[in-house]
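S.K.: Next input, structure requested:
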Amino acid sequence: NLVGLAWWSEEIVEGRGVEMGTSKHGKGLAKTGIVATVSLLAYPLCEWLSYTSEMDDPWLVFLAGIFFCFVCISAFCFVLLKVFPPDLPNGLDCMFFYTFSVFAFSAVVDLLIGMTLDGFIESVHFYLHNGEPYLKSSYGSFINWWDGTFHYALYLLMTYQLAAGEGTLRQRTRYTGLVWVGSIMNSLIVFLPGNLCGKFAPEVKWSYLLNVPYVLFPLLFAVRAFDTSGARKVKAARRTAARSPLDYAILVLSTAAVPLCFFRFFAAVGSPGPYAQDWVFHVEPYLRDPTLYPLLQCIAYVVYFAPFFIAATYCLVFPPIDPETYTTLADWSAICFGAMLQAQFSFVGPSLHMIPTYPEPTWRPVPAEGWTSFLVAQALLTLLPALLFLRYKSIDATLFPPGRSKKA
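M.R.: Residues are numbered from 1 along each chain as shown. Prediction:
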């Protein structure tokens, strides 16, 4: 049925494309439709697995994850897309198209896990018990909701961009892909160490290794996207961006956000200072969660986000000599923006909501007296990366318009 649907979509779109001149974009939509249709197979598959007694064995749960997600679905997508191949310049870019197709399937599985944790369905309890028990937390719930919604939308968007776009991988999926890289890498640098260090460490099972591809492929994609050989390697004339009122707003926000990152870190590690203690008990009690996910996120704020805020703001105040620096900063601001979106969603959500299916006795809501400080802090940390991304994206587009050769 899926092959027939795909063939029918291709025929309809191709016919319309002859009349309307939109064949390429129509075929891109058809291929994205194939990916979306295959991804929805996750629901009946999880329902079937939930009724099999073999899923009581953690080792078999791990093997089932490898077999169905990384073997069956990969082969299925490969066959379908061989019949209806995307127009990509090389095999490596095709590999990313297949990868996004498989990740879209796993994103639907994560959505089902999030729905199970919040009590909407009961399809994936077997995986929560014998696969990845550390997902039975508020943090686990929200990273699954994020993967099943935001990442899923990005996977479908990137498959469309790859199938319907023109040029290199970077030209087709530049900002979309880099936002995805930042988002998924931030989740993993918090999630994977937290599973080994927090209260769920004794419950880590073989299925922990199913996260390895989600580390390797984003890194490989980032390396590929940052490869500027050819298209963006030629130097532009020495030009600087015109000053904007947004630069002053970013300077003010950065001046407040960087100290806030360090202050929250000191509060999370248990500083005996009165202000740090007051912040933990009256504003963000989630910082002391025994899962250690919020502590690791605060470490990421200090180690990764704060230095980038400083460097990016500095280059707005003191423009770099080489205009290509703006291109690099535009790329990194996209990664930072995606990372901060995921960080804030997976931090604010657990601070406000406890999953009903697996209550956490240590969970504490934000106290009423701390709501104003809580909202101001979260808004500040969310707004600054967004403004940096918009500003550097605008600068790069102004200095290097699409289609313009970057010759000296």
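S.K.: Skip the chain neighbours and tell me the closest residue to residue 275.
M.R.: Nearest residue to residue 275 in three dimensions, chain neighbours excluded: residue 263, at 7.7 Å (Cβ to Cβ, 6 or more residues apart in numbering). The C-beta positions use only the backbone N, C-alpha and C, and glycine is treated the same way.
S.K.: from the chain's centre, how far out does the helix or strand harbouring that neighbour sit?
M.R.: Secondary structure assignment for residue 263, by DSSP states H and E: helix 245-268. A distance of 23 Å separates the centroid of the chain from that of helix 245-268, by Cα atoms, centre = their mean, to the nearest Å.
S.K.: and the helix or strand following that helix with helix 245-268, angle?
M.R.: Along the chain past helix 245-268, the next helix or strand (assigned with DSSP H and E) turns out to be helix 274-282. Using axes from the mean of the first three to the mean of the last three Cα atoms, to 10 degrees, the inter-axis angle of helix 274-282 relative to helix 245-268 is 80 degrees.
S.K.: What is helix 274-282 packed up against?
M.R.: helix 245-268 (3 or more Cβ pairs under 8 Å, 6 or more residues apart in numbering; DSSP states H and E).
S.K.: Check which helices and strands the helix it packs on is in contact with.
M.R.: When contacts are defined as 3+ Cβ pairs under 8 Å, 6+ apart, helix 245-268 packs onto helix 274-282, helix 293-300, helix 306-317, helix 371-399.
S.K.: can you list contacts of it?
M.R.: Defining contact as Cβ atoms under 8 Å, 6 or more residues apart in numbering, one finds that helix 245-268 is touched by 273, 275-277, 279-280, 284, 287-288, 294-295, 298-299, 301-302, 305-306, 309-310, 312-313, 316-317, 377, 380-381, 383-384, 387-388, 390-391.
S.K.: got any ranges where the stretch 1-150 of the chain has weak pLDDT?
M.R.: For the stretch 1-150 of the chain, the stretches with pLDDT under 70 are 1-24, 80-81, 83-91.
S.K.: in it, which spans are helices?
M.R.: 2-20, 23-39, 42-50, 58-65, 73-83, 91-117, 125-130, 138-146 (DSSP state H, counting those that start in this stretch).
S.K.: Can you redo the ones you listed as a markdown table, where the extra columns are distance to residue 207?
M.R.: Shown next, in a markdown table, are those (distance: least, Cβ to Cβ, whole Å):
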| stretch | distance to residue 207 |
| --- | --- |
| helix 2-20 | 27 |
| helix 23-39 | 20 |
| helix 42-50 | 13 |
| helix 58-65 | 5 |
| helix 73-83 | 16 |
| helix 91-117 | 12 |
| helix 125-130 | 7 |
| helix 138-146 | 13 |
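S.K.: Show me the one of the ones you listed that comes nearest residue 327.
M.R.: Nearest of the helices of the stretch 1-150 of the chain to residue 327, taken as Cβ to Cβ: helix 91-117 at 20.6 Å.
S.K.: Count the neighbours of residue 311 for me.
M.R.: 11 (other Cβ atoms under 10 Å).
S.K.: Please name the residues that touch it.
M.R.: Contacts of residue 311 (Cβ under 8 Å, 6+ apart): residue 329.
S.K.: Please apply the same query to residue 369.
M.R.: For residue 369, the contacting residues are residue 282, by Cβ under 8 Å, 6+ apart.
S.K.: same thing with residue 276?
M.R.: 263, 266-267.
S.K.: Cheers, nothing more for now.
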